[in-house]
Structures are given as structure tokens and as C-alpha cells.
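S.K.: Give me a 3D structure for the following:
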Amino acid sequence: RNMLAVCEMHDYYLAVEKMDEKGIFTFHQFIEHLWKEAALKVPEIFPVKIEDRRYCLVLSCRSILSIGNAQRLMESVLSEIRSNMLRFLNMTISISISSM
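M.R.: Numbering: from 1, shown residues only. Just a heads-up that it's a prediction; the model follows:
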């Protein structure tokens with residue numbers, strides 16, 4: 001019983017095209033930090049990097065009793081990620097959420 005959210009950053013390639021290797025490395029570390037920080041608030045959520053511009057959140061629903069609670073948990077973490085990506089990196093993301 002899991003719920004997945006796949007997220008893709010818009011304009012990722014525009015953001016990194018003028019960066020050197022060190023800049024790209026730092027950029028990726030900061031993005032991973034944003035995702036991990038948001039996920040720490042919900043112990044059942046695990047962030048997974050798919051590729052440079054795509055991430056996935058896995059919500060383990062074993063201890064969550066209702067689909068509504070699972071959706072609210074996932075949406076709260078995604079809302080924080082979306083807000084932080086826009087605030088700190090001026091980047092938007094597209095999100096697809098699976099059913100449980």
C-alpha cells in the first residue's frame with residue numbers, strides 16, 4: 001500500500017545551461033536538501049531522485065487508515081516542495097499523484 005508522486009521541474013535545462021560543474025553540483029545538492037527537508041515532516045514519505053529534473057515521493061500507507069489522510073499528507077509535503085522550489089530557485093514543478 002503505497003502512494004507515489006512524480007514531479008518534474010520546469011526550465012531545469014535553462015537553469016543549468018550557464019552553470020559550471022561545481023555550480024550544477026551545488027544546485028543539485030540544494031534541490032535534494034529541499035526535498036529531504038519537506039519529507040522529514042512525514043516519516044512515511046521517502047524522496048527518490050529519478051533523474052536530474054525528476055523526483056518521486058513514495059508514501060508508505062501501511063499505518064495510514066484512510067485514503068483521504070494519505071492524500072492530505074502527500075499534498076502537504078508537495079505543497080511545501082512546490083513553494084520552496086518557487087521561492088528559492090524560481091522554478092515550478094509538475095506533479096502527478098497515483099492512487100493508493
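S.K.: Just want the most central residue of this structure.
M.R.: Trp35 (4.9 Å; Cα atoms, centre = their mean).
S.K.: surely it meets Arg54?
M.R.: No - if you go by Cβ atoms under 8 Å, Trp35 and Arg54 don't touch, sitting 11.3 Å apart. No exception for glycine: its C-beta is placed from N, CA and C like everyone else's.
S.K.: Of all the helix elements in this structure, which one is longest?
M.R.: Ranked by number of residues, the top helix in the chain under DSSP state H is helix 67-89.
S.K.: CA-only coordinates of that one in PDB, if you can.
M.R.: The C-alpha coordinates for helix 67-89 follow below in PDB (Å, rounded to 0.1, in the frame of the first residue of the first chain):
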ATOM      1  CA  ILE A  67      -7.100   7.400   1.500                       C
ATOM      2  CA  GLY A  68      -8.100  10.900   2.500                       C
ATOM      3  CA  ASN A  69      -5.400  11.000   5.200                       C
ATOM      4  CA  ALA A  70      -2.800   9.700   2.800                       C
ATOM      5  CA  GLN A  71      -3.800  12.300   0.200                       C
ATOM      6  CA  ARG A  72      -3.600  15.100   2.700                       C
ATOM      7  CA  LEU A  73      -0.100  14.000   3.900                       C
ATOM      8  CA  MET A  74       1.200  13.800   0.300                       C
ATOM      9  CA  GLU A  75      -0.400  17.100  -0.700                       C
ATOM     10  CA  SER A  76       1.100  18.900   2.300                       C
ATOM     11  CA  VAL A  77       4.600  17.800   1.500                       C
ATOM     12  CA  LEU A  78       4.200  18.600  -2.200                       C
ATOM     13  CA  SER A  79       2.800  22.000  -1.400                       C
ATOM     14  CA  GLU A  80       5.900  22.800   0.700                       C
ATOM     15  CA  ILE A  81       8.200  21.500  -2.100                       C
ATOM     16  CA  ARG A  82       6.400  23.500  -4.700                       C
ATOM     17  CA  SER A  83       6.500  26.600  -2.600                       C
ATOM     18  CA  ASN A  84      10.200  26.300  -1.800                       C
ATOM     19  CA  MET A  85      11.200  25.500  -5.400                       C
ATOM     20  CA  LEU A  86       9.500  28.700  -6.500                       C
ATOM     21  CA  ARG A  87      10.700  30.800  -3.600                       C
ATOM     22  CA  PHE A  88      14.400  29.700  -3.600                       C
ATOM     23  CA  LEU A  89      15.000  28.700  -7.200                       C
END
